[in-house]
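**Q** any chance you could fold what I've pasted below:
(one chain, ligands or ions: 1)
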Amino acid sequence: MARIIGGVAASHTPAIGFAYDQHKQHDPSLGPIFQAFAPVQDWFREKRPDAIVYIFNDHVTSFFFDHYSAFTLGIGDEYPVADEGGGARDLPAVKGDPRLAAHIATSLVTDEFDLSYFQDKPLDHGFFSPMSVLLDRPGGQWPARIVPLQVGVLQYPIPTAARCFKLGQALRRAIESYPADIDVAVVATGGLSHQVHGEGAGFNNPEWDRQFLDAITDDPAALSRMTHAEYARLGGFEGAEVIMWLVMRGALADRVRQVHSAYYLPSMTGIATLVLENEAAALPDAAAASERHRARMAEQLDGIEELAGTYPFDIARSVKGYRINKFLHDLVTPEHRARFLDEPETAFKEAGLSPEEQELIRGRDWPGMIRYGVIFFMLEKLAAVLGVSNLHVYAAMRGETLEEFLQTRNTPATYSVAGKQEE
Ligand code: FE
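**A** Below you'll find the model as predicted:
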């Protein structure tokens, strides 16, 4: 069974990334940032977690207001560094952990936390600014797999502090019921006190920041009762993102010990680092509780395998079939559609499709695509582009001719999702 070995929290700010990339370790004003992070680095060197659940917020870099979500779990294989306007920082991508992510997703949904999911998105300084000073990269690679959890804290209404704390408690159950024998650390980033917009820009409150570090350790329930306005009054409007720390804290035991804490205010944002470890060992019946929880997690799709010819589209299929689904989804744009029709082989190569994926599309292998992990709604787009009806696809998936399949319908009509037919 997976073990939570501790919780880490750290501020995130572009200043951290700047200080690291510009080698400011011995700079009188930026050097103390590294002193705050060094003991956390040591902790990671000693504990060597296999995986890290990493709670952060994006700064409207990869998550824009065309679709803004409260809690968005990363399910992908890999996450590169985002370009925030001046080119991406020179750091390797982090590896994801799709299997752990799928388990966490199912567990949280079972506990009635319905999430959004993302993959194929770069992560911004909310993730990478502390990351670059938290963990060494032996051999140029990050030493642990990451399951990122992005919290939408920028467009109100945002989750309450209480909701973040409860999500953390559910996250603990999710991690501790994961059947692999791995060590997991929970990291949260954000804050501390700062405001970066309006006439209130430049607000800080080091006294509150220090109180917050004690309260998150000893009395998180009290912090979970505070409103966003109370956080903003004490720590600046953008400082209210510290509610993300409550997700990390909720994933730990009620009683924890503070292994490390540091605070430094270089410019705009109070920079803090914190390491907490559980005070009590796991209860003797924890394994039985996890067993019951996993049974509840399995309930919703229990028996689905008995439905012949049915392929539930789940996180595993979504990750495996991402490239080919994306290629087919792109057919909704006229340029991509034209490229596919005029030069399919070039389009396949540009999209990086594997030989197997290329052959599935080239051969119009409708049942093969479904079995591979393409969702039906991409097939109907491909059909529309090819001038083929939905009914043709249904028939092909059943291994029938169009005529045979139409005889099973009340109406012999054919149709597709093609809007205006292009000339
Ligand atoms: Fe932030």
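**Q** contact partners of the helix or strand harbouring V147?
**A** If you go by DSSP states H and E, V147 is part of strand 145-151. Strand 145-151 has contacts (C-beta atoms under 8 Å, 6 or more residues apart in numbering) with 50-58, 63, 69-74, 79, 94-97, 100-101, 104, 118, 123, 126-127, 158-159, 164, 241, 243-244, 247. C-beta here means a position set from N, CA and C on the backbone, and glycine is covered the same way.
**Q** if we use 7 Å, what do you get?
**A** Residues outside strand 145-151 that contact it (C-beta atoms under 7 Å, 6 or more residues apart in numbering): 50-58, 63, 71-74, 79, 94-97, 100-101, 104, 123, 127, 159, 244.
**Q** confidence score at the residue lying closest to G191 once chain neighbours are set aside?
**A** Counting by C-beta to C-beta, 6 or more residues apart in numbering, G191 lies nearest to V242, which is 3.7 Å off, once chain neighbours are set aside. On pLDDT, V242 comes in at 96.
**Q** now swap in A418 and tell me
**A** At A418, pLDDT is 87.
**Q** start at 816, not 1
**A** With 816 as the first residue, the last one maps to A1233.
**Q** I'd say it and A1199 touch.
**A** Yes. A1233 is within contact range of A1199, at 3.7 Å (criterion: C-beta atoms under 7 Å).
**Q** about what we covered before: C-terminal to the strand holding V962, what's the next element?
**A** helix 976-991.
**Q** what about the residue nearest to G1006, which SS state?
**A** helix (DSSP: H, G, I helix; E, B strand; the rest coil).
**Q** so it sits right up against T1004, yeah?
**A** No. With contact defined as C-beta under 7 Å, V1057 does not count as touching T1004 (9.8 Å).
**Q** how is this protein carved up into domains?
**A** If you go by automatic domain parsing, the domain ranges for the chain are 818-1114, 1136-1221.
**Q** and those, which is most packed in?
**A** domain 818-1114 (a mean of 19; mean count of other C-beta atoms under 10 Å).
**Q** so what pLDDT did the closest residue to R1154 other than its chain neighbours get?
**A** In space, and not counting its chain neighbours, R1154 is closest to A1162: 4.9 Å by C-beta to C-beta, 6+ apart. For A1162, the pLDDT comes out at 98.
**Q** please apply the same query to the one 5 residues further on.
**A** pLDDT for G1167: 97.
**Q** secondary structure element for it?
**A** Using DSSP H and E, no helix or strand contains G1167.
**Q** got the angle for the host helix or strand of V1001 vs helix 976-991?
**A** Element membership for V1001 (DSSP H and E) is strand 998-1004. For strand 998-1004 against helix 976-991, the angle by axes from the mean of the first three to the mean of the last three C-alpha atoms, to 10 degrees is 160 degrees.
**Q** which other helices and strands contact the following helix or strand past strand 998-1004?
**A** Using DSSP H and E, the next helix or strand after strand 998-1004 towards the C-terminus is helix 1021-1033. Applying 3 or more C-beta pairs under 7 Å, 6 or more residues apart in numbering; DSSP states H and E, we find helix 1021-1033 packed against helix 1035-1039, strand 1071-1079, strand 1086-1093.
**Q** any chance of those in JSON lines, plus mean pLDDT and distance to V999?
**A** Compiled in JSON lines, the helices and strands packed on helix 1021-1033 are given as follows (pLDDT from 0 to 100; distance: least, C-beta to C-beta, whole Å):
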{"stretch": "helix 1035-1039", "mean pLDDT": "98", "distance to V999": "19"}
{"stretch": "strand 1071-1079", "mean pLDDT": "96", "distance to V999": "16"}
{"stretch": "strand 1086-1093", "mean pLDDT": "96", "distance to V999": "12"}
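**Q** and these: which comes nearest T1229?
**A** helix 1035-1039 (56.6 Å; C-beta to C-beta).
**Q** quick one: residues in contact with the closest one.
**A** Taking C-beta under 7 Å, 6+ apart as the rule, helix 1035-1039 contacts 976-977, 980, 1030-1031, 1061, 1064.
**Q** repeat that for 10 Å
**A** Applying C-beta atoms under 10 Å, 6 or more residues apart in numbering, the external contacts of helix 1035-1039 come out as 975-981, 983, 1026-1027, 1030-1031, 1045-1046, 1057-1058, 1060-1061, 1063-1065, 1067, 1069, 1071.
**Q** quick check: angle from the next helix or strand along the chain from that helix to helix 1021-1033?
**A** As assigned by DSSP H and E, the chain's next helix or strand after helix 1035-1039 is helix 1043-1050. Angle of helix 1043-1050 versus helix 1021-1033, following the same axes, to 10 degrees, is 130 degrees.
**Q** what helices and strands are in contact with helix 1043-1050?
**A** The contact analysis (3 or more C-beta pairs under 10 Å, 6 or more residues apart in numbering; DSSP states H and E) places helix 1043-1050 against helix 976-991, helix 1021-1033.
**Q** for it, the distance to its chain's centre please.
**A** 27 Å (C-alpha atoms, centre = their mean, to the nearest Å).
**Q** just the C-alphas of that helix, formatted as PDB.
**A** The C-alpha trace of helix 1043-1050 is given here as PDB (Å, rounded to 0.1, in the frame of the first residue of the first chain):
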ATOM      1  CA  HIS A1043     -11.500  34.600   1.100                       C
ATOM      2  CA  ALA A1044     -12.000  38.200   2.200                       C
ATOM      3  CA  GLU A1045     -10.400  37.400   5.500                       C
ATOM      4  CA  TYR A1046      -7.400  35.800   3.800                       C
ATOM      5  CA  ALA A1047      -7.200  38.900   1.400                       C
ATOM      6  CA  ARG A1048      -7.400  41.400   4.300                       C
ATOM      7  CA  LEU A1049      -4.600  39.600   6.200                       C
ATOM      8  CA  GLY A1050      -2.400  38.500   3.300                       C
END
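**Q** for H827, phi and psi?
**A** Torsion angles at H827 (phi, psi; degrees, to the nearest 10) stand at phi -130, psi 140.
**Q** export the domains of the chain to CSV and tack on distance to A1228?
**A** Below are those laid out as CSV (distance: least, C-beta to C-beta, whole Å):
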stretch, distance to A1228
domain 818-1114, 34
domain 1136-1221, 8
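**Q** what strand or helix carries the residue nearest to R1154?
**A** helix 1159-1165.
**Q** surely D1180 touches A1211?
**A** Yes. Counting by C-beta atoms under 10 Å, D1180 touches A1211, with 8.6 Å between them.
**Q** show me what contacts the residue lying closest to G1214 once chain neighbours are set aside?
**A** Distances taken as C-beta to C-beta, 6+ apart put P1182 closest to G1214, at 7.1 Å, once the chain neighbours are dropped. Counting by C-beta under 10 Å, 6+ apart, P1182 touches 1124, 1175, 1194, 1208, 1211-1214.
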